[in-house]
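# Below is the sequence, then the predicted model.
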Amino acid sequence: MTTTTLAALVPLLPFLGAAAALLLGRTAPGFVRPLAVLPPLASLVLAAIVAAHQGGGPAITAHTELTPTGSVPIELGLYIDGFAALVAILVAFVAACVQIYSTGYLRDDPRYPSYAALVSLFTSAMLLVVYSGDLIVLLVGWEVMGICSYFLVGHYWETPEARAASLKAFLVTKLGDVPFLIGLFALATDAGSFRITRVLGAVASGNLHHPTVVALLLLAGVAGKSAQFPLHTWLPDAMAGPTPVSALIHAATMVAAGVYFVARLLPVFEASQAAMLVLAVMAAVTMAGSGLAALAQDDIKRVLAYSTIGQLGYMTGALAVGDRGAAVFHLLSHGAFKALLFLAAGVIIHAAGTNSLAAMSRMHGLRDRIPDAYWTMTVALLALAAIPPFSGFFSKESVLGAAEHAADGGTLHVPGAAGWIVLVAGLVTALLTAAYAARLWLLAFRGRGAEAPEHGRQPLTMTVVLWVLAVPSLAFGGLAYRSLPGWFDGRALTPTLLTSILGTGLAVVGGLLTYGAWQRTTQLAARVPLGAVAAHPEEDAGLVEAEAIATHEPAYGDIAYAPDPADPARLLLGPLRRHAAVGFHLDAVYAALFVRPVQAGASLVRFLDREVVDTYVRGAAALPRLLGAAVRRAQTGNVQTYVSALLAGTVVLAVAVVLVATGA
């Protein structure tokens, strides 16, 4: 069997598994779990074989015309370089872990067959994006992922939060997909083809006539799909779906697609320095803003969601300084430890006795009850905080090193300002990331909330997956940073001394500040029992605030924000916490700028339709209706009346004739 045939089977097998699960879900539900687990495992094996054949050498390409168009052809093709080969392994690996984990997590869910089928379809669509050699075929996988995310985020459709989140995810991503589609058509028009190799060839030969316009249009779609500022607001709300879905979306599909797309077509963006600068600013705002927002969240999954947004900002920052190797390295590393974080959060949610969300302020005594989640999440949080020797350290430092190199003017096609923007924002985000990672660990495993009732041991399929994902979270970065350059562009991924010292030092400072703030707030909260009133509150302003937080539980916006009195964010963020908890009111801004004007326009159209258009229609129908009523009254059915009317008419006609004749 040829390599191209094996590669074609990689996205095809999950698709067939999805179709079979939908067909057999009602008639033979016992086959659904094997059909959910086996196809992604088979795809993982095949993707590994394809990667071994590719070996970081020349790209594997194959194409055939899909349909005649008369102008720019659409081709069904493969383009598998080192980036695609490794990302496909990540997608299949995470998808297999999620499907295995879901067999335990959703073992009592009546809609598990449709869920498993959608996860398989989601996986197939992402693999199609990764392997596709034609931009239109890539777009098909891109849009199928959007549909799958809509249904999966809204899996618990009985709850209004899930329905609203699924709709918001769909609409916000579609808002970016419209300019993205226009950008693809403009790119193909300039290049004369949708085939990726020809597009890259056109860029290399200088035949791309509108690089800035094309790049900015494509960036709109990337911002929506990869949850980058300003189209990132859908991702935290998408946490209303099942936790394994969150792991899949955040680690290997959907949000990873935008980063992968820019990495694959990076020369298109490098053709415009303005686009690279916009990409750098977008990454910087995303990193810093998401770090502050994560530090203020109470729900554990929303913390992880903002964390994903920030880590994606690191990836787009690496792309903004022209190093797609560092971007994809961090994508691979992040995929492992972020999947572990979400799946461990699922174990915590199960232990806390909730459905899909868990407030950290309510957690207590979880360390001893779920030791597997405790130890594996500790590994993942250390990787997230980029503490050496965990995998996140090596991949994040490769991004910071690339930014430092670009800031020194050492990167062609990248303005030095872009390097400085990414470097400064990346260092600030390193401190914030360690701070909210430490806060999550302290509140989740050492919190003083009410202890939830025991819900039994977690299924073995859930805990085994956690330990499987813990291995790459710990060891991948240290093993991969030396070998990956041969699979990418050949650029070194070795951490540089300066950024390593700065990044690790800031991470340690962030963790220590959080721990110190936690100890301080713990002492304050211990002096005020929940519901008690301080005898002399003026003696300690912090004590007053601890009491207010402990008793009132204010709600900001649509988020019930009820922090633990010992929450270190209370001291770390101060008055900024309220604004960070609702994402700095960006949803409110969108509501004022877009939602309300659209609703007002719809109300105006409805008024004009009912009161103006319908009035003319009713008026035009009034005269025939009145004439009809008059004629209807004349039709009495009395023969004598008809004869009398006939005679009267005859007389009137006779008189009229006589008068006319006399007058003549």
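Arrived safely.
# How far off centre is the strand or helix carrying Val422?
Assigned by DSSP states H and E, Val422 belongs to helix 416-446. The chain centroid and the centroid of helix 416-446 are separated by 20 Å, computed with C-alpha atoms, centre = their mean, to the nearest Å.
# Give me the buried positions along the helix or strand following that helix.
Counting by DSSP H and E, the next helix or strand C-terminal to helix 416-446 is helix 460-480. Using 16 or more other C-beta atoms under 10 Å as the test for burial, helix 460-480 gives 461-463, 465-466, 468-470, 472-474, 476-477, 480. Where you see a C-beta, it was placed from the backbone N, CA and C, and this is true even at glycine.
# By mean pLDDT, which helix or strand of the chain comes out lowest?
Per-element confidence for the chain was summarised using mean pLDDT, DSSP states H and E. The lowest value among helices and strands belongs to strand 555-556, with a mean of 34.
# Would you mind getting the angle between the helix or strand harbouring Leu35 and helix 460-480?
For Leu35, the host element (DSSP H and E) is helix 32-54. Orientation of helix 32-54 against helix 460-480 (axes from the mean of the first three to the mean of the last three C-alpha atoms, to 10 degrees) gives an angle of 10 degrees.
# elements contacting the helix or strand just after helix 32-54?
Towards the C-terminus, the helix or strand next in line after helix 32-54, according to DSSP H and E, is strand 60-67. For strand 60-67, the contact count by 3 or more C-beta pairs under 8 Å, 6 or more residues apart in numbering; DSSP states H and E identifies helix 3-24, helix 32-54, strand 74-80 as packing neighbours.
# mind redoing it with 6 Å?
Counting by 3 or more C-beta pairs under 6 Å, 6 or more residues apart in numbering; DSSP states H and E, the packing neighbours recorded for strand 60-67 are strand 74-80.
# which other helices and strands contact the helix or strand following the strand it packs on?
Secondary structure here is assigned by DSSP H and E; on that basis, the next helix or strand after strand 74-80 toward the C-terminus is helix 82-105. Where contact means 3+ C-beta pairs under 6 Å, 6+ apart, helix 82-105 is packed against helix 32-54, helix 112-131, helix 243-251, helix 324-352, helix 460-480.
# element containing the closest residue to Leu571 other than its chain neighbours, please.
Across the structure, with C-beta to C-beta, 6 or more residues apart in numbering as the measure, the residue nearest Leu571 apart from its sequence neighbours is Ala517 (4.2 Å). Per DSSP H and E, Ala517 falls inside helix 497-527.
# Now do that helix against helix 416-446, angle only.
Orientation of helix 497-527 against helix 416-446 (the same axes, to 10 degrees) gives an angle of 40 degrees.
# what's helix 497-527 packed up against?
helix 391-407, helix 416-446, helix 541-552, helix 569-573.
# hang on, the earlier thing: now render the helices and strands packed on helix 82-105 as CSV, adding distance to Phe15 and mean pLDDT.
What follows is those, written out as CSV (distance: least, C-beta to C-beta, whole Å; pLDDT from 0 to 100):
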stretch, distance to Phe15, mean pLDDT
helix 32-54, 8, 95
helix 112-131, 4, 96
helix 243-251, 16, 94
helix 324-352, 21, 93
helix 460-480, 23, 94
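# Tell me which of the ones you listed sits most buried.
Comparing the helices and strands packed on helix 82-105 on average neighbours per residue, with mean count of other C-beta atoms under 10 Å, the densest one is helix 243-251 at a mean of 29.
# which residues make contact with that one from outside it?
Here helix 243-251 makes contact (C-beta atoms under 6 Å, 6 or more residues apart in numbering) with 94, 98, 101-102, 105, 152, 239, 308, 335, 338-339, 342-343, 346.
# Can I get those in TSV including distance to Ile196?
TSV is the format used below for the contacts of helix 243-251 (distance: C-beta to C-beta, whole Å):
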residue	distance to Ile196
Val94	24
Val98	28
Tyr101	34
Ser102	33
Tyr105	37
Leu152	28
Met239	34
Thr308	27
Gly335	23
Lys338	27
Ala339	28
Phe342	31
Leu343	33
Gly346	37
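# Could you give the secondary structure assignment for Gly409?
Taken by DSSP: H, G, I helix; E, B strand; the rest coil, the conformation at Gly409 corresponds to coil.
# sorry, back to before: in JSON lines, list the helices and strands packed on helix 497-527 along with mean neighbour count, mean pLDDT and distance to Arg26.
What follows is those, written out as JSON lines (neighbours: other C-beta atoms under 10 Å; pLDDT from 0 to 100; distance: least, C-beta to C-beta, whole Å):
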{"stretch": "helix 391-407", "mean neighbour count": "28", "mean pLDDT": "96", "distance to Arg26": "42"}
{"stretch": "helix 416-446", "mean neighbour count": "24", "mean pLDDT": "95", "distance to Arg26": "39"}
{"stretch": "helix 541-552", "mean neighbour count": "17", "mean pLDDT": "36", "distance to Arg26": "49"}
{"stretch": "helix 569-573", "mean neighbour count": "22", "mean pLDDT": "89", "distance to Arg26": "47"}
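# Lovely, talk soon.
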